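**Student:** this one's sequence-less:
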């Protein structure tokens, strides 16, 4: 039997919210897992966490690989926040560093910005955006979400941007509608598969909190679950969407995320040089050993 350092960590927690759960396996030198073994462990976590993060770290490297219960995931923002929050907190050499380079299996090199000593958060540089675009109209998207066509915002565009995951971004007309959407998982999965979409983000610029710039929700049926309660990659794509459509000037801001069934989670965005950073806090719920 092989043992691995293990933690279950909820990312983007704030003000009593539950965040988004990720399981993290911290591999030591010489501890290797095959793709099939990583997928099998992720399947064992179905319904418990959204993704499992496999972290190989050493004096000069931090390498991350992500799996859902369905497949390897190109990039997992909340898993990165969760994994690095715990790793930095528990590693004195990292806690004293402001910038920490990491490598991801599918999206290459990224940078982690350590703000734990100041405000208990970490920020991650999002993968460079790919401006995919879409020909999907509001009516088709509304149908997949189980909404009438008039629920889609009249002037803001539907768009597709990849900042880690290919994200269809859909503006809704008002907050009350946005927080009450609970689409059929099977219907939405077929829609996403048919249109080459990894995740679907709905948003409104109307918010509950006056210090939030927008309210978002993210649906990810491709990866084996309906809703992602707090999202790094999706909100990074949304950050680029806001910049593109002059909805945000790139200064530090806060997004609130979630439906009417939960306390909203908090995702922080910043784009000091035009490149979006995303981040937040995290809460370690389980800290122990995983036996394989």
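**Tutor:** In hand now; what should we look at? Given the structure is predicted, the values throughout are model-derived calculations rather than measurements. Residues are numbered from 1 along each chain as shown.

**Student:** wouldn't residue 95 be in contact with residue 117 here?
**Tutor:** Yes: using CB atoms under 8 Å, residue 95 is in contact with residue 117, at 7.1 Å. C-beta coordinates here come from the backbone N, C-alpha and C atoms, glycine included.

**Student:** okay, these two: which has more neighbours?
**Tutor:** Comparing residue 95 with residue 117 by other CB atoms under 10 Å, the one with more neighbours is residue 95, at 13 against 10.

**Student:** Please name the nearest non-neighbouring residue to that one.
**Tutor:** residue 88 (5.6 Å; CB to CB, 6 or more residues apart in numbering).

**Student:** And for the one you found, the neighbour number?
**Tutor:** 22.

**Student:** Where does it fall, secondary structure wise?
**Tutor:** Using DSSP states H and E, residue 88 maps to helix 77-89.

**Student:** That helix: what's the following helix or strand?
**Tutor:** Assigned by DSSP H and E, the successor of helix 77-89 is helix 92-95.

**Student:** Could you tell me which other helices and strands that following helix packs against?
**Tutor:** If you count contacts as 3 or more CB pairs under 8 Å, 6 or more residues apart in numbering; DSSP states H and E, helix 92-95 packs onto helix 77-89.

**Student:** Pull out the buried positions in the helix it packs on.
**Tutor:** Neighbour-count burial for helix 77-89 flags 77-89 (criterion: 16 or more other CB atoms under 10 Å).

**Student:** Out of these, which comes closest to residue 28?
**Tutor:** For those, the minimum distance to residue 28 (CB to CB) is 12.9 Å, reached by residue 87.

**Student:** I'd guessed the closest one sits against residue 25; true?
**Tutor:** No: in this structure, residue 87 is not within contact of residue 25 by CB under 8 Å, at 11.8 Å.

**Student:** between those two, what contacts are shared?
**Tutor:** Common neighbours of residue 87 and residue 25, counting by CB atoms under 8 Å, 6 or more residues apart in numbering, are residue 55.

**Student:** thinking again about what came up before, can you list the buried residues of helix 77-89 in CSV and add distance to residue 5 and pLDDT?
**Tutor:** Shown next, in CSV, are these (distance: CB to CB, whole Å; pLDDT from 0 to 100):
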residue, distance to residue 5, pLDDT
77, 22, 91
78, 20, 92
79, 16, 95
80, 17, 95
81, 18, 95
82, 14, 96
83, 11, 97
84, 14, 97
85, 15, 97
86, 10, 97
87, 10, 96
88, 15, 96
89, 13, 94
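
**Student:** Out of the residues you listed, which is nearest to residue 44?
**Tutor:** Nearest to residue 44 out of the buried residues of helix 77-89 is residue 79 (CB to CB; 16.1 Å).

**Student:** In contact with that closest one, which residues?
**Tutor:** 11, 22, 24, 50, 51, 52, 53, 64, 66.

**Student:** and the residue nearest to residue 95, what does it touch?
**Tutor:** 94, 95, 100, 112, 114, 116, 122 are the contacts of residue 88 under CB under 8 Å, 6+ apart.

**Student:** And the helices in this protein, which stretches?
**Tutor:** For the chain, the helices defined by DSSP state H cover 35-44, 77-89, 92-95, 116-119, 138-145, 175-179, 185-194, 233-244.

**Student:** which other residues reach the third one?
**Tutor:** Looking back up the chat, that one is helix 92-95. So helix 92-95 is in contact with 87, 88, 89, 100, 114, 116, 117, going by CB under 8 Å, 6+ apart.

**Student:** can you list the domains in this structure?
**Tutor:** Structural domains assigned to the chain are 3-125+279-291, 130-278, following automatic domain parsing.

**Student:** what pairs with residue 115 across the strands?
**Tutor:** Counting by DSSP bridges, residue 115 forms beta bridges with residue 121.

**Student:** I misspoke; the intended subject was residue 214.
**Tutor:** residue 255.
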